[in-house]
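>>> sequence? don't have it. structure:
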Ligand SMILES: Nc1ccn([C@@H]2O[C@H](COP(=O)(O)OP(=O)(O)OP(=O)(O)O)[C@@H](O)[C@H]2O)c(=O)n1
Ligand SMILES: C[C@](O)(CO)[C@H](O)COP(=O)(O)O
């Protein structure tokens, strides 16, 4: 079984002053979260979906699931204080429905332009290798600074990639990774691949796409609206 875990448990603070968390902002008639869920619900490789959702939005989500006929959503999961905790909540909730070789596809709701090619390759490689990350090569040179004032390192660019999601795993691997993270005192990892590497397991790569960007700041929201509008007028 291939289970998508869609993460919508954040508050979107980097968006600045907005009246609702970014994943619930309407873009051309439906919330960003719904844009994302519709892709996974329509994907023939996805068997079931768990949505990790801010607790105050569970009722709205239930209404949207009926309105948009998102019938693969089988679980609405409580959001965690951190992204890592949100993922852990989902892993716990789906535990009784998953065996160790089932594939868990973990995706940010804030990445509503993910492609079916990326999803398909995530599932294929996770079945083969057990753990995969979706990444794109960086086209800018990456600078390291401890204080944001002075550079202390410029890593070799050809070795650097920007992590995206989905990040996909065999259930047994992601469960072990989150269990070990708690034991090791890792509580706020920014992604799940760090936790699998912490188990000394390899994580393989699926090539992402620039269009699979995360809606983090207001600029990203403006870009998303422009891309969807261009899509609606058949420009892309
Ligand atoms: N406790 C959290 C934090 C984040 N997320 C989800 O993880 C994805 C990526 O996180 P991010 O872009 O950081 O979202 P926020 O944490 O909401 O943003 P911010 O850091 O600006 O508050 C988002 O879809 C977000 O809803 C989550 O499910 N639970
Ligand atoms: C998982 C992720 O989307 C990969 O780039 C990113 O680390 C999430 O970070 P955030 O701070 O939770 O948005």
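That came through, no problem. Because the structure is a prediction, the values reported are computed rather than measured. Ligands and ions are numbered 1, 2, ... in the order given.
>>> those residues of this protein touching ligand 2, which are they?
Within the chain, the positions lying close to ligand 2 (C-beta under 6 Å from any ligand atom) are 83, 108, 163-165, 190-191, 214. In short, each C-beta sits where N, CA and C put it, glycine included.
>>> ranges for the helices of this structure?
32-42, 58-67, 83-93, 116-129, 171-183, 193-197, 218-232 (DSSP state H).
>>> now the ones you listed in CSV, with mean neighbour count and mean pLDDT?
As requested, the helices of the chain are arranged in CSV below (neighbours: other C-beta atoms under 10 Å; pLDDT from 0 to 100):
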stretch, mean neighbour count, mean pLDDT
helix 32-42, 21, 98
helix 58-67, 14, 98
helix 83-93, 21, 98
helix 116-129, 18, 98
helix 171-183, 19, 98
helix 193-197, 22, 98
helix 218-232, 14, 93
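>>> please tabulate these in JSON lines, including the columns distance to residue 101.
JSON lines is the format used below for those (distance: least, C-beta to C-beta, whole Å):
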{"stretch": "helix 32-42", "distance to residue 101": "20"}
{"stretch": "helix 58-67", "distance to residue 101": "28"}
{"stretch": "helix 83-93", "distance to residue 101": "15"}
{"stretch": "helix 116-129", "distance to residue 101": "8"}
{"stretch": "helix 171-183", "distance to residue 101": "7"}
{"stretch": "helix 193-197", "distance to residue 101": "16"}
{"stretch": "helix 218-232", "distance to residue 101": "35"}
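>>> pull out the buried residues from the residues of the chain next to ligand 2.
For the residues of the chain next to ligand 2, burial is judged from neighbour counts taken by 16 or more other C-beta atoms under 10 Å, and it is met by 83, 108, 163-165, 191, 214.
>>> and those residues, which two are furthest apart?
Greatest spatial distance among those (C-beta to C-beta): 83 and 164, at 13.9 Å.
>>> about what we covered before: narrow the buried ones among the residues of the chain next to ligand 2 to those in strands?
When DSSP state E defines the strands, the subset of those inside them is 108, 163-165.
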